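Peer 1: need a 3D model of the sequence below.
(one chain, ligands or ions: 1)
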Amino acid sequence: MKLNIQNETSRLRAVILGTAKSNGATPTLQEAYDPKSIEHIKAGTYPTVKDMIHEIESVAAVLKKYDVAVYRPEIIEDYNQIFARDIGLVIEDKFIKANILPDREKEIDAIKHVIAKIDADHVYKAASEDIHFEGGDIMVHNDYIFIGTYLGDDYSDCIVARTNMEGVAYIASLFPHKKVKAFDLNKSMTDPRDNALHLDCCFQPVGHDKAIIHKEGFRNPEEYEFLVDLFGFDNLFHIDKKEMYHMNSNIFSIAEDVVISERNFNRLNDWLRKNKITVEEVPYAEIAKQEGLLRCSTLPLIRD
Ligand SMILES: NC(=[NH2+])NCCC[C@H](N)C(=O)O
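Peer 2: Next up is the predicted model:
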């Protein structure tokens with residue numbers, strides 16, 4: 001398989017979509033690794049496997065309708081495998097295995113059959129355990145690579161900070177011809193409304209020249225301003241705290257003019273349609289309770 005990813009929005013041809021088939025029992029508070037899951041475990045509203053299967057399979061159906069080749073992970077019994085995005089990433093023709101949170105380390109084994117289709121010298125893995133990065137923090141945008149990180153002193157105690165500057169440097173080393181821009185993100189282990197778990201939880205390009213953004217996701221106002229300058233203020237759809245909590249920035253593009261979005265994202269979906277983008281609505285509010293949505297559930301392999 002010849003990989004090709006240059007940006008977030010060109011026509012999608014092949015993708016890995018996560019699976020909810022054997023998610024296991026509701027995690028304990030100790031097992032959870034994000035504040036939104038913790039909130040729902042405490043409230044007794046953590047999603048059921050049945051509901052999550054229904055939601056993720058509705059995404060599979062949309063991808064099929066657009067003739068996208070869809071690869072699925074093999075099943076690991078009682079293990080969360082929904083968020084395929086984070087376990088690896090493709091930039092240009094390279095597949096890079098993530099150096100992911102240890103709780104999620106096994107997920108990559110389940111896509112071995114996909115990685116086996118890629119020429120071995122196009123598959124990368126950072127050797128040092130001090131290098132941390134997950135796919136949700138990394139976005140290629142033509143000449144740019146955008147990377148979410150966290151520069152706070154408490155990085156090592158913060159399990160919602162998944163990409164460090166060593167990770168940024170590693171990705172930059174693989175793509176010396178790209179402009180790499182890191183973004184220091186706001187993190188909270190206790191309140192999901194203040195937690196940009198990954199860059200795609202507060203920002204994502206969409207369409208030809210637009211992007212969805214949550215200003216408060218950025219710790220450094222200058223880095224937010226950089227994106228305003230790059231995209232132009234009028235091309236940005238600003239989402240508020242509540243919309244970011246519901247994961248509005250985490251929709252998924254099949255093409256510049258087709259996205260998969262959550263059916264309750266009324267304000268966003270209206271704006272997309274106003275911009276001549278077809279919105280394929282799916283139910284995803286249950287999976288959203290785990291602080292991940294549609295971009296998080298997909299790992300694109302080939303776009304035009
Ligand atoms: N790309 C993403 N935003 N992924 C979301 C992953 C959510 C998952 N609960 C975690 O904490 O790892």
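Peer 1: ok, Ile56 touching Val49?
Peer 2: No. Counting by Cβ atoms under 8 Å, Ile56 stays clear of Val49, with 10.5 Å between them. Glycine gets a C-beta too; all of them are placed from N, C-alpha and C.
Peer 1: how about the secondary structure of the residue of the stretch 101-250 of the chain found nearest the ligand?
Peer 2: Nearest residue of the stretch 101-250 of the chain to the ligand: Gly136, at 2.2 Å (Cβ to the nearest ligand atom). Secondary structure for Gly136, judged by DSSP: H, G, I helix; E, B strand; the rest coil, is helix.
Peer 1: OK, contacts around the residue nearest to it when sequence neighbours are not counted?
Peer 2: In this structure, Gly136 finds its nearest non-sequential neighbour in His198, 3.0 Å apart by Cβ to Cβ, 6 or more residues apart in numbering. By Cβ atoms under 8 Å, 6 or more residues apart in numbering, the contact set of His198 is Asp86, Glu134, Gly136, Asp137, Gly148, Arg162, Thr163, Leu185, Cys296.
Peer 1: just Gly88 next, same as before
Peer 2: So Gly88 contacts Phe95, Ile96, Lys97, Ala98, Ile108, Ile111, Ile115, Gly135, Leu299 (Cβ under 8 Å, 6+ apart).
Peer 1: can you list those residues in CSV and add distance to Ala169 and secondary structure?
Peer 2: Converted to CSV, the contacts of Gly88 look like this (distance: Cβ to Cβ, whole Å; DSSP: H, G, I helix; E, B strand; the rest coil):
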residue, distance to Ala169, secondary structure
Phe95, 19, strand
Ile96, 13, strand
Lys97, 17, strand
Ala98, 15, coil
Ile108, 22, helix
Ile111, 25, helix
Ile115, 24, helix
Gly135, 17, helix
Leu299, 23, strand
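Peer 1: looking at these, which two lie furthest apart in space?
Peer 2: Spanning the widest gap among the contacts of Gly88 are Ile115 and Gly135, at 13.8 Å by Cβ to Cβ.
Peer 1: can you pull out the helices in the stretch 201-304 of the chain?
Peer 2: Listed in chain order, the helices of the stretch 201-304 of the chain (DSSP state H, counting those that start in this stretch) span residues 221-231, 241-245, 266-274.
Peer 1: dump these to CSV, plus mean pLDDT.
Peer 2: Listed next are the helices of the stretch 201-304 of the chain as CSV, based on pLDDT from 0 to 100:
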stretch, mean pLDDT
helix 221-231, 98
helix 241-245, 98
helix 266-274, 98
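Peer 1: of all those helices, which lies closest to Ile260?
Peer 2: Of the helices of the stretch 201-304 of the chain, nearest to Ile260 by Cβ to Cβ is helix 266-274, at 10.8 Å.
Peer 1: going by neighbour count, list what's buried in that closest one.
Peer 2: Leu268, Asn269, Trp271, Leu272 (16 or more other Cβ atoms under 10 Å).
Peer 1: which residues does the residue nearest to His238 when sequence neighbours are not counted contact?
Peer 2: Once flanking residues are discounted, His238 sits nearest to Ile213: 5.9 Å by Cβ to Cβ, 6+ apart. Ile213 makes contacts with Cys202, Phe203, Tyr224, Leu227, Leu236, Phe237, His238, Ile239, Ser249, as judged by Cβ under 8 Å, 6+ apart.
Peer 1: what about the closest residue to the first one other than its chain neighbours, neighbour count?
Peer 2: Using Cβ to Cβ, 6+ apart and skipping the chain neighbours, the partner closest in space to Cys202 is Gly217 (2.7 Å). The burial metric for Gly217, expressed as a neighbour count using other Cβ atoms under 10 Å, is 25.
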